[in-house]
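[1] Test case, fold it:
(one chain, ligands or ions: 1)
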Amino acid sequence: MTATKGLEGIVATQSAISSIIDDTLTYVGYDIDDLADNASFEEVVYLLWHQRLPKADELAELKQQLADNMSVPQPVLDHFKNYPISEVHPMAALRTAISLLGLYDENAEDMSDEANYEKAIKLQAKVATIVTAFSRIRKGLEPVAPKKEFGYAANFLYMLTGEVPEEVAIEAFDKALVLHADHELNASTFTARVCVATLSDMYSGITAAIGALKGPLHGGANEQVMKMLMEIGDEENVESYIKEKLANRERIMGFGHRVYRKGDPRAKHLRKMSKKLTALRGEEKWYNMSEKIEAIVTGEKNIPPNVDFYSASVYHSLDIDHDLFTPIFAVSRISGWAAHILEQYANNRLIRPRAEYTGPNMQKYVPINER
Ligand code: ACO
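    A predicted model of the protein is given here:
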């Protein structure tokens with residue numbers, strides 16, 4: 001038995017949800033470029049959960065179900081007020097809140113198809129409320145209740161700020177949600193599938209996935225990109241900062257990908273959005289700096305940007321706190337995780353690979369006083 005470090009190139013499951021072939025990403029066979037330009041996030045959620053696009057009445061029904069399920073049990077929100085330390089990362093708060101949410105769902109352990117689909121709706125609806133409520137509570141503000149007449153993206157921004165969002169912000173946020181919804185067998189999706197393949201419940205699978213997304217090599221990179229941009233501070237510092245990092249063999253956050261070689265097809269949409277939004281806010285410097293970083297990293301290392309690179313300046317331009325960038329990734333990706341969990345349940349087998357043993361052999365037990 002020989003291990004492949006990081007499971008590179010290993011095909012670990014079959015899936016009909018999304019695919020990455022020759023640097024093209026599709027959800028159920030629809031090119032991400034087509035979806036990013038034309039579909040709403042709710043349509044994409046339906047697509048991932050049903051493997052087909054919704055008809056108008058089906059989309060209306062899903063929107064209604066999401067709007068109806070956005071409220072979160074008060075104790076889940078109250079627990080945000082009782083943390084032992086003051087600077088809890090919102091991803092840690094989200095991971096705990098999703099686990100806690102499971103305790104308030106009397107059908108959490110019901111493994112019927114209907115109950116699992118309902119859990120997917122509840123989780124997708126409530127995650128927006130959880131992230132926005134946490135953001136407000138830690139600032140000493142009251143959570144804002146969603147508006148039933150708003151779509152998912154508008155409601156998220158509304159619950160975050162308490163103000164009706166501008167159309168341009170809704171459009172950008174909705175597109176960002178579409179772009180992050182699913183991504184084949186990425187680390188967090190694999191985590192979710194491994195967890196539920198033991199026939200554990202959906203709350204456990206999503207909680208585990210959030211833990212995996214949190215790391216800076218995966219979803220946590222978008223927050224680190226903004227941290228880097230703030231550290232660089234100005235366009236004129238870009239070259240020396242990036243070149244020094246590369247010389248020290250440090251990783252530039254938001255670049256590189258296990259699966260893409262020519263580039264991440266999602267990045268170009270976010271680049272375009274970043275250019276437009278930073279200009280609208282009169283803060284072009286974030287886009288200009290990002291473009292310069294991209295030129296250096298691709299020029300020196302031939303490593304293209306991934307989805308996390310330009311999403312940082314997009315979310316910053318939407319006035320979103322930097323440590324909420326990764327929770328927002330989770331808000332979108334929960335749709336993909338739920339789709340994969342439902343697919344795993346539908347054709348389950350325990351996921352249990354092997355390890356190549358590299359430790360000592362033929363050891364004899366030595367009594368403690370002789371060691
Ligand atoms: N900056 C500089 N060098 C890099 C970067 C980077 N961002 N990414 C990869 N490399 C280099 C590595 O140093 C390595 O070089 P070496 O062979 O000379 O040592 C080579 O490219 C291969 O890197 P690996 O780590 O083996 O590639 P892997 O497929 O395991 O990693 C990963 C992929 C984790 C995404 C990596 O590119 C990385 O760390 N990127 C930065 C973090 C990031 O942006 N993560 C988000 C990914 S997208 C997502 O999950 C949503």
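[2] For the rest of this, base every contact and every neighbour count on C-alpha atoms.
    Will do.
[3] Just the buried residues of stretch 91-100, please?
    By neighbour count with 16 or more other Cα atoms under 10 Å, stretch 91-100 contains the buried residues 91, 93-100.
[4] What is the nearest of these to the ligand?
    Of all these, Met91 has the smallest distance to the ligand: 14.7 Å, by Cα to the nearest ligand atom.
[5] who's in contact with the closest residue to that closest one other than its chain neighbours?
    Distances taken as Cα to Cα, 6 or more residues apart in numbering place Pro327 nearest to Met91, at 5.7 Å, with adjacent residues excluded. By Cα atoms under 8 Å, 6 or more residues apart in numbering, the contact set of Pro327 is 90-91, 94, 131.
[6] and the helix or strand where Pro327 lies, does that touch the ligand?
    Here Pro327 sits within helix 325-346, counting by DSSP states H and E. No. Judged by Cα under 6 Å from any ligand atom, helix 325-346 stays clear of the ligand, getting no closer than 8.4 Å.
[7] My guess is Ser274 contacts Tyr310. True?
    Yes. The pair Ser274 / Tyr310 is scored as a contact, 6.3 Å apart, by Cα atoms under 8 Å.
[8] on that earlier part again, now distance to the ligand too, for the buried residues of stretch 91-100, in CSV please.
    Output for the buried residues of stretch 91-100, formatted as CSV (distance: Cα to the nearest ligand atom, whole Å):
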residue, distance to the ligand
Met91, 15
Ala93, 20
Leu94, 18
Arg95, 17
Thr96, 21
Ala97, 22
Ile98, 20
Ser99, 22
Leu100, 25
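[9] Determine which two of those are furthest apart.
    Greatest spatial distance among the buried residues of stretch 91-100 (Cα to Cα): Met91 and Leu100, at 14.0 Å.
[10] List, one by one, the residues from the protein near the ligand.
    Near the ligand, when you scan the chain using Cα under 6 Å from any ligand atom, you find 217-219, 221, 250-258, 306-308.
[11] now for the residues you listed, which pair is the farthest apart?
    Across the residues of the chain next to the ligand (Cα to Cα), the longest gap, 19.4 Å, separates Glu250 and Val307.
[12] Out of the two, name the residue with the larger neighbour count.
    Between Glu250 and Val307, Val307 has the larger neighbour count (other Cα atoms under 10 Å), namely 26 against 11.
[13] residues contacting that one?
    180, 254, 264, 266-267, 270 are the contacts of Val307 under Cα under 8 Å, 6+ apart.
[14] List of residues touching stretch 272-283?
    Here stretch 272-283 has contacts from 172, 284-287, 310-311, 313-314, 317-318, using Cα under 8 Å, 6+ apart.
[15] What of stretch 315-324?
    Against stretch 315-324 from outside (Cα under 8 Å, 6+ apart): 89-91, 131, 135, 169, 223, 226-227, 274, 277-278, 281, 283, 312, 325.
[16] roughly how far is that stretch from the heart of the chain?
    Mean-position distance between stretch 315-324 and its chain equals 15 Å (Cα atoms, centre = their mean, to the nearest Å).
[17] buried residues in it?
    315-318, 320, 322-324.
[18] Check stretch 103-118 too.
    So for stretch 103-118, counting by 16+ other Cα under 10 Å, buried means 108-109, 116-118.
[19] Arg261 against Ile20, yeah?
    No. The criterion here is Cα under 8 Å, and Arg261 misses it with Ile20 at 11.2 Å.
[20] count of neighbours near Trp337?
    The burial count for Trp337: 31, using other Cα under 10 Å.
[21] In terms of helices and strands, where is the residue nearest to it when sequence neighbours are not counted?
    Excluding the flanking residues, the one nearest Trp337 by Cα to Cα, 6+ apart is Thr189, at 5.6 Å. In the assignment (DSSP H and E), Thr189 maps to helix 187-196.
[22] Direction-wise, compare the helix or strand following that helix with helix 325-346 and give the angle.
    Once helix 187-196 ends, the next helix or strand along the chain (criterion: DSSP H and E) is helix 202-213. Helix 202-213 and helix 325-346 are oriented at 130 degrees to each other (axes from the mean of the first three to the mean of the last three Cα atoms, to 10 degrees).
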